[in-house]
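Visitor: dropping the sequence and predicted coords here.
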Amino acid sequence: MKIDTLSLERQLKMLQAKEAIVNQISPEVCDVIDLDKFLQATANEVGKMMEVSRCHLILCTPGRTPRVDYEYLGEEGIPSSLGRAIPLESLFLKGRRLVNRSPIVINDFAHFELESGLRSELEGLKSRSILIVPIIFQETLLGVIGLHFSSHPHQWTPYEVSIIQSLAQQVAIGFQYTKIYTEKEREAENLKIMLEIANGINSKVDFDEISTFVIDKSIELLKAGIGCMGVLDSSERYLHFHSFRSPRPEYLEGIDRTGTISTTNPLVHQLIHSRRSISLANPEEDEYASYYLGKLFRGKSALISPIFIGERFFGNINLIWLKRQPPFSPNEVELIEGIANQAATVLERDWLSAEVLRLQRELKGVRASEMIIGNSPRLKRCVELALQVAESSATVLIDGESGTGKELIADLIQQHSPRHHKPYIKINCGAIPETLLETELFGYEKGAFTDARSRKIGKFEEANGGTIFLDEVSELSPAAQVKLLRVLQSGEFTRVGGNQKIVTDVRVIAATNTPLEEAMEKGLFRRDLYYRLNVFPIKLSPLREQKEDIPLLVSHFLNIYKKKANKYLVGISEKALRLLKSYTWPGNVRELENVVERAVIMATKKVVTVEDLPEHLLSAAEESRERTLEVDIGTTVEETERRLILETLNYTGGDKNQTARILGIGRKTLYRKLKKYGYLNSIG
C-alpha cells in the first residue's frame, strides 16, 4: 500500500519511540553509556518504530571498509547482513571531505541509479525500498542508519525522513559523548597499566627477566599467541629475535628461533624511519608480510612496535596472532607503543643493559651446545667445517693453541653426527702417564703384567659404534701410535698382553696444541699416523687474531659468573672492554674466562671497571699503549703525521736520532717538522 501521509496516531507513536531512544543517550539520564548496547538498542527501536524489514547501523572507522555492525530484522526468513561490507563512503564523501549531508531516499530500488559496486552490495540485501541517513558530527561522517523494506516498495514521507535525521543527530551526540568518556577512561586504564609495567620492569635484575616480563605483559594485554623481542645486531644490518614467549608452548614448536630479518626489508625500514607501529593483516598482504608472518612466525596477523634508545633504533616488540585479526584499534596500538616506550626508558637509563642484551643475542650467531661463542669470520669458518664433516665418519684433526676451544669443536661434530646417540669417550693423552696410556686406550688381558688380575676393556673397545676424542694426541707413546695407526687403517687392535684381534668401529677426532709437523721432524710422531689423522683438518685461531669475539665472550662469561656470585651486574665499562681487546691473551679463551670470573668477584659497582681487572693486564695495556697511536677516522693526514712524530719522540725519551730511525725519515726532516710544530725549543 502506498502511503503519502502519516496519521496523528502514527506520528505520536514515532515521537514516543524517538524520545525513548534519546533518553538512552542523555548525559543527564545516564552517567555511563555502553556504546555497543546503545547502538544495538537504537537499531532495534528504530526498526520497530518504522515497522521495517531491516534496520542496520554502519560505523565508518578509518582504515576499514564500512560494514554492518548492528542490525534489527523485522521479518522472518530475511538473512542477516551483520559483518557485510557495504562501501557507502562514495555517497557522502569525496576523499575524506564530506560533500553530502542529505539522506539517500530510494522508494523503489529497481528504478534507482547507483554506482555499480554499491548497487551490487545492496542488491544482496534483497531490499525493495531503502532509506540511508548519515550520522554526522562536526563535518565528520561517523556512520549511517539504514532502513529497508523487502516485501514491498515503500514511499518514504518527509516526516519519516526528518525524524530519522533527528535521531541520527542524537546518535552522533551520544556517540561523541561516549567516545570522549571511553577515551578518558582508557587513558586512565592505560596509565595504570603502564605504571604496573614500569614497577614490574624496575623490580627485575637480569635483563633476560625484563625482556621476558615485557613480552609476557604484551601478550596478556593484547591476547596475542606469540611474542618476542627483536634486537639489532652490532653491524646494524640484521634484527635477531630474542625472548620467545607464548601462553601455549606448542605455538612455539617449529619456529626457527635463530631467524633474522634484514634492515633493508621494507617492513623494518618503515619501522625505523616512521618510528611508529606497523600492523600486518594477513600473510597474503604482500611478499614481505608473507616472509614475516609465514616464514618467520607462522602467524596470520601481527603488530610490531619499534624500540628507540634516544635517536638510536635498538629493536622491536613483535606480537603474533595465529588467527586472522580484525583491524587493530588505536587503543591496541597505543598499548604496545606504551610498552615499547617503557622498555626504551629502562634501556636508555642503563645503556649497558641494552648492550649486554644486544651481545647476548649475537652469541647465537655461532653456538655449539650454547658454548661456542663468537661471530668472527675465522670462528664461523671453523664451525662450518665442523658441521660439514659431522655427517661423515672421516677422521678429524683439530689444531689450535691451548684454550682455543678444540674440545668444543669436537663436541659440535659429535652432536651433529649420526653417531650422536652412541658412546662418546674423551681421553686427554697428556694427562695419563705414558706407561698407562696404551692400556687405557686398548685394554689388557689377565696376567699381561703384575697387577693385571683380570681382563680390562679399553676405550676403543668401549667406544665401538661411537666416537673417541683424543686430546693432546702428540703425547702418544711410540707403541700407542703404532696401535692407533692400525685401528685407523683396519679397525683392528689387540689388547696389551693378548693375541686376539678385536674389530671396532670408532670414529676418531684428534686434537693437538703443538705442531705435529715439528714433532715429525724431531722423530717424536709417526708421519704415516699424521696423514691418517689429518684427513679433515680444522685449524682454530688464537683469540688475539679474532678480537671481535671478545665482547661476545665477555658478555657470556659475565652472565654465567654474576649468577654464580649472586651479583647484579649490567655489563662492563667501555674502557675496561677496550683494555681486554688490547691484550694479547696467551691463554686464549680460557684465560679470558678466568679474568672475567675474577672481575665479577672484585666488582663493587653495577659494571665491571678497569679497577676490577688483574694487574698484569693493566701493565700489558700500559706497555702496549706506549707503543701504539689511536687515530679517529676523519683526522687529517697532516694532524696524523704531527701526532705520530710527537708520540714517537716521547716514546724515545726525546732521542731525535732514534725517533728519525723509527720513523724512517732523515734527521733534518725531523728537525724541520718539529720546528714547524713549535716543539723544537721545548724539547732541547
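Guide: Happy to help now that I have it.
Visitor: which residues in the stretch 251-400 of the chain form helices?
Guide: 266-274, 287-289, 330-349, 351-362, 377-390 (DSSP state H, counting those that start in this stretch).
Visitor: for the longest one, buried residues please.
Guide: Spelled out, it's helix 330-349. 332-333, 335-344, 346-348 (16 or more other Cβ atoms under 10 Å). In short, each C-beta sits where N, CA and C put it, glycine included.
Visitor: between those residues, which sits nearest residue 536?
Guide: Comparing the buried residues of helix 330-349 against residue 536 with Cβ to Cβ places residue 347 closest, at 44.4 Å.
Visitor: returning to that earlier point: can you tell me which of the helices of the stretch 251-400 of the chain the model trusts least?
Guide: The weakest mean pLDDT among the helices of the stretch 251-400 of the chain belongs to helix 351-362, with a mean of 52.
Visitor: residue nearest the middle of this structure, spatially speaking?
Guide: residue 241 (1.8 Å; Cα atoms, centre = their mean).
Visitor: distance check, that one against residue 315.
Guide: Residue 241 sits at a distance of 9 Å from residue 315 (criterion: Cβ to Cβ, to the nearest Å).
Visitor: likewise residue 109?
Guide: Separation of residue 109 from residue 315 (Cβ to Cβ) stands at 55 Å.
Visitor: more crowded one of these two?
Guide: Under the criterion of other Cβ atoms under 10 Å, the comparison of residue 109 against residue 315 puts residue 315 first, with 28 against 19.
Visitor: returning to that earlier point: a markdown table for the helices of the stretch 251-400 of the chain, including distance to residue 75?
Guide: Below are these laid out as a markdown table (distance: least, Cβ to Cβ, whole Å):
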| stretch | distance to residue 75 |
| --- | --- |
| helix 266-274 | 48 |
| helix 287-289 | 43 |
| helix 330-349 | 37 |
| helix 351-362 | 62 |
| helix 377-390 | 70 |
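Visitor: now do stretch 167-174, average pLDDT.
Guide: Stretch 167-174 comes out at a mean pLDDT of 81.
Visitor: how far is that stretch from where the chain is centred?
Guide: Centroid separation for stretch 167-174 versus its chain: 47 Å, with Cα atoms, centre = their mean, to the nearest Å.
Visitor: try stretch 274-284
Guide: With Cα atoms, centre = their mean as the basis, stretch 274-284 stands 16 Å off its chain's centre.
Visitor: which other residues reach it?
Guide: Residues outside stretch 274-284 that contact it (Cβ atoms under 8 Å, 6 or more residues apart in numbering): 267, 270-271, 289-290, 292-294, 299-306, 308, 324-325, 327-328, 333, 336-337, 340.
Visitor: coming back round to it: nearest to residue 214, of the buried residues of helix 330-349?
Guide: Among these, and counting by Cβ to Cβ, the member closest to residue 214 is residue 343, at 5.1 Å.
Visitor: I figured the closest one was touching residue 214, is that so?
Guide: Yes - contact criterion Cβ atoms under 8 Å: residue 343 and residue 214 qualify, at 5.1 Å.
Visitor: what is in contact with residue 241 and residue 315 at once?
Guide: 229, 230, 231.
Visitor: looking at pLDDT only, which of those residues scores worst?
Guide: Going through the shared contacts of residue 241 and residue 315 one by one, the lowest pLDDT turns up at residue 231, 84.
Visitor: so what sits opposite that residue in the bridge?
Guide: residue 240, residue 315 (DSSP bridges).
Visitor: what's around it, how many residues?
Guide: Residue 231: 23 neighbours (other Cβ under 10 Å).
Visitor: my read is that it contacts residue 238, right?
Guide: No - with contacts defined as Cβ under 8 Å, residue 231 does not count as touching residue 238, sitting 9.6 Å away.
Visitor: just the buried ones from the contacts of stretch 274-284?
Guide: Among the contacts of stretch 274-284, those classed as buried by 16+ other Cβ under 10 Å are 267, 271, 289, 292-293, 299-306, 308, 325, 328, 333, 336-337, 340.
Visitor: so which helix or strand takes in the closest residue to residue 220 other than its chain neighbours?
Guide: Leaving out its chain neighbours, the residue that sits closest to residue 220 by Cβ to Cβ, 6 or more residues apart in numbering is residue 247, at 8.0 Å. Using DSSP states H and E, residue 247 falls within no helix or strand.
Visitor: same check, this time on residue 644
Guide: Here residue 644 is assigned to helix 637-651, by DSSP H and E.
Visitor: same question for residue 560.
Guide: Counting by DSSP H and E, residue 560 is found in helix 550-564.
Visitor: determine how far that helix lies from the middle of the whole chain.
Guide: 20 Å.
Visitor: what residues of that helix count as buried?
Guide: So helix 550-564, judged by 16+ other Cβ under 10 Å, has buried residues 550, 551, 552, 553, 554, 555, 556, 557, 558, 559, 561, 562.
Visitor: CA atoms of that helix as PDB?
Guide: What follows is helix 550-564, C-alpha atoms only, in PDB (Å, rounded to 0.1, in the frame of the first residue of the first chain):
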ATOM      1  CA  ILE A 550      85.900 -10.700  22.800                       C
ATOM      2  CA  PRO A 551      82.800  -8.500  23.600                       C
ATOM      3  CA  LEU A 552      80.600 -11.600  23.000                       C
ATOM      4  CA  LEU A 553      82.700 -13.800  25.200                       C
ATOM      5  CA  VAL A 554      82.900 -11.200  27.900                       C
ATOM      6  CA  SER A 555      79.100 -10.900  27.900                       C
ATOM      7  CA  HIS A 556      78.700 -14.700  28.000                       C
ATOM      8  CA  PHE A 557      81.100 -15.200  30.900                       C
ATOM      9  CA  LEU A 558      79.600 -12.200  32.800                       C
ATOM     10  CA  ASN A 559      76.200 -13.700  32.600                       C
ATOM     11  CA  ILE A 560      77.500 -17.000  34.000                       C
ATOM     12  CA  TYR A 561      79.600 -15.700  36.900                       C
ATOM     13  CA  LYS A 562      77.300 -12.900  38.100                       C
ATOM     14  CA  LYS A 563      74.700 -15.600  38.700                       C
ATOM     15  CA  LYS A 564      77.100 -17.800  40.500                       C
END
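Visitor: quick one: mean pLDDT over it.
Guide: Helix 550-564 comes out at a mean pLDDT of 88.
Visitor: run the angle between that helix and helix 377-390 for me.
Guide: 80 degrees (axes from the mean of the first three to the mean of the last three Cα atoms, to 10 degrees).
Visitor: same for helix 550-564, what does it pack against?
Guide: helix 351-362, strand 571-572, helix 574-582, helix 588-602 (3 or more Cβ pairs under 8 Å, 6 or more residues apart in numbering; DSSP states H and E).
Visitor: quick one: the host helix or strand of residue 135 to chain centroid distance?
Guide: Using DSSP H and E, residue 135 sits in strand 129-137. For strand 129-137, the separation from the chain centroid amounts to 48 Å (computed by Cα atoms, centre = their mean).
Visitor: stretch 647-659 now?
Guide: 52 Å.
Visitor: in that stretch, what's buried?
Guide: Buried, per 16+ other Cβ under 10 Å, within stretch 647-659: 648, 649, 651, 656, 659.
Visitor: next, the distance between the ends of it.
Guide: 10 Å (Cα to Cα, to the nearest Å).
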